[in-house]
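Trainee: Need coordinates for the below:
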Amino acid sequence: QLQASGGGLVQAGDSLRLSCAASGRTFSTDAMGWFRQPPGKEREFVAAITWSGANLYYADSVKGRFTISRDNAKNTVYLQMNSLKPEDTAVYSCAASWKPSTSSNDYKYWGQGTLVTVSS
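Mentor: Residues are numbered from 1 along each chain as shown. Below you'll find the model as predicted:
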């Protein structure tokens, strides 16, 4: 089970940190990803991290503003979001995969999302 949390309503330029907590099984050997679905749009890749945390991957739209990290001892993945923009408004979900990927099809386990709303 994966559960994302930390979303909320913020203003443009603000920061938020999302958390994705795992329970029921360890995800310490899985690659983890964050995806988001803006209102009325398709789900899109945001960021991914290898099981060790050694390799990070970002969508161009968030590169330099978002940081993905993980704490395997806590079975938790984070997404630090800085300099938020109204176009970052979306439901953010975390997922686990055997490999880091930008494709949602490669992720087997999904958590419920958390809504991030950025006002201008």
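Trainee: Determine the number of other residues adjacent to residue 109.
Mentor: 16 (other Cβ atoms under 10 Å). Quick note: C-beta positions are derived from backbone N, CA and C, even for glycine.
Trainee: Then the one 5 residues further on?
Mentor: Residue neighbour count, defined by other Cβ under 10 Å, stands at 22 for residue 114.
Trainee: what's the answer for residue 77, then?
Mentor: Residue 77: 31 surrounding residues under other Cβ under 10 Å.
Trainee: Residue 55 contacts residue 49, correct?
Mentor: Yes: proximity of residue 55 to residue 49 meets the contact threshold set by Cβ atoms under 8 Å, at 7.1 Å.
Trainee: Quickly find the element holding the most centrally placed residue in the chain.
Mentor: Centroid-nearest residue in the chain: residue 34, 2.7 Å away (criterion: Cα atoms, centre = their mean). Using DSSP states H and E, residue 34 sits in strand 31-37.
Trainee: before we move on, the earlier item: who has more neighbours out of residue 55 and residue 49?
Mentor: Remark: of residue 55 and residue 49, residue 49 carries more neighbours, 24 against 11, as counted by other Cβ under 10 Å.
Trainee: who does that one bridge with?
Mentor: On the basis of DSSP bridges, residue 49 is bridged to residue 32, residue 56.
Trainee: Pretty sure residue 10 sits against residue 120.
Mentor: No: between residue 10 and residue 120 there is no contact under Cβ under 8 Å: 11.1 Å.
Trainee: thinking again about what came up before, shared neighbours, residue 55 and residue 49?
Mentor: Shared contacts of residue 55 and residue 49, defined by Cβ atoms under 8 Å, 6 or more residues apart in numbering, comprise residue 100.
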